[in-house]
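Asker: missing the sequence, but the structure's below:
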């Protein structure tokens with residue numbers, strides 16, 4: 001499916017994340033500031049990033065992937081990633097994104113997230129989009145609002161792999177209403 005999953009937006013190309021993205025992916029995946037609100041990051045070694053990319057590539061090669069991880073490419077530079085992970089039914093998709101700090105605050109996360117959300121709804125048949133985030137992640141909350149998601153809950157918690165504390169978490173969502181024609 002990977003070679004057929006290229007999405008073009010006004011400024012970006014979204015394509016399957018690949019092993020050849022190792023160095024550029026590790027720039028953001030290994031950066032403490034870029035990943036401060038990511039539960040499973042930062043990656044401490046390049047090898048951790050490589051293992052993740054191997055998993056991503058393998059998933060793209062399956063007949064029916066359960067998650068889709070896209071490289072966000074701006075002016076031929078890999079600047080981040082955006083993903084959609086499907087639940088067991090394939091009807092709910094969890095959206096996520098990360099953008100290299102050098103490219104943040106330019107609307108790339110919003111543009112990429114909206115494009116992958118449309119891919120999930122129109123190509124995969126997803127009926128509900130969800131996003132979870134740390135309550136302090138104001139930038140991600142803004143992206144969620146810009147792409148049409150509404151806060152579903154502010155009572156969740158998350159635990160980071162390197163901290164022994166529960167942190168409040170927001171859940172935003174959008175139920176897709178399909179109209180019969």
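Answerer: Yep, it's here. The structure presented is a predicted model; accordingly, all values stated were derived computationally and were not measured. Numbers count the residues shown, from 1 in each chain.

Asker: okay but residue 44 is in contact with residue 32, surely?
Answerer: No: with the criterion set as C-beta atoms under 8 Å, residue 44 and residue 32 do not qualify as a contacting pair; they are 10.2 Å apart. From N, CA and C alone the C-beta is placed, and that goes for glycine too.

Asker: in stretch 125-139, what's buried?
Answerer: Neighbour-count burial for stretch 125-139, with 16 or more other C-beta atoms under 10 Å as criterion, is recorded at 126-134, 137.

Asker: From the rest of the structure, what touches it?
Answerer: When contacts are taken as C-beta atoms under 8 Å, 6 or more residues apart in numbering, the neighbours of stretch 125-139 outside the stretch itself are 37, 84, 86, 90-96, 104-105, 109, 117, 120-121, 140-141, 144, 149, 152, 154, 156, 158, 167-176, 178.

Asker: redo that, cut-off 7 Å
Answerer: 37, 90-96, 117, 120, 140-141, 144, 149, 156, 158, 167-176 (C-beta atoms under 7 Å, 6 or more residues apart in numbering).

Asker: Tell me which of those residues fall in strands.
Answerer: Residues of the contacts of stretch 125-139 located in strands (DSSP state E): 92-96, 156, 158, 167-175.

Asker: The lowest-mean-pLDDT helix or strand in the chain pairs with which strands?
Answerer: Evaluated with mean pLDDT, DSSP states H and E, the helix-and-strand set of the chain has its lowest mean pLDDT in strand 150-159, which scores a mean of 86. Its sheet considered, strand 150-159 pairs with strand 166-175 (antiparallel) by DSSP bridges.

Asker: Please compute how far the partner strand lies from its chain's middle.
Answerer: 14 Å (C-alpha atoms, centre = their mean, to the nearest Å).

Asker: can you pull the buried residues of that strand?
Answerer: By neighbour count with 16+ other C-beta under 10 Å, strand 166-175 contains the buried residues 169-174.

Asker: Rebuild those residues as CSV, extending it with distance to residue 63 and pLDDT.
Answerer: Below are these laid out as CSV (distance: C-beta to C-beta, whole Å; pLDDT from 0 to 100):
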residue, distance to residue 63, pLDDT
169, 33, 91
170, 34, 93
171, 30, 94
172, 31, 94
173, 28, 95
174, 28, 94
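
Asker: shouldn't residue 166 be in contact with residue 155?
Answerer: No: between residue 166 and residue 155 there is no contact under C-beta atoms under 7 Å: 11.7 Å.

Asker: low-confidence ranges in this protein?
Answerer: Across the chain, the ranges flagged by pLDDT under 70 are 1-4, 178-181.

Asker: where do the strands sit along it?
Answerer: Shown for the chain, the strands assigned by DSSP E span residues 7-8, 12-16, 67-74, 77-86, 92-99, 128-134, 150-159, 166-175.

Asker: Any chance of a markdown table for those strands, columns distance to residue 58?
Answerer: Written out in a markdown table, the entries for these read as follows (distance: least, C-beta to C-beta, whole Å):
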| stretch | distance to residue 58 |
| --- | --- |
| strand 7-8 | 21 |
| strand 12-16 | 11 |
| strand 67-74 | 11 |
| strand 77-86 | 15 |
| strand 92-99 | 19 |
| strand 128-134 | 24 |
| strand 150-159 | 26 |
| strand 166-175 | 29 |
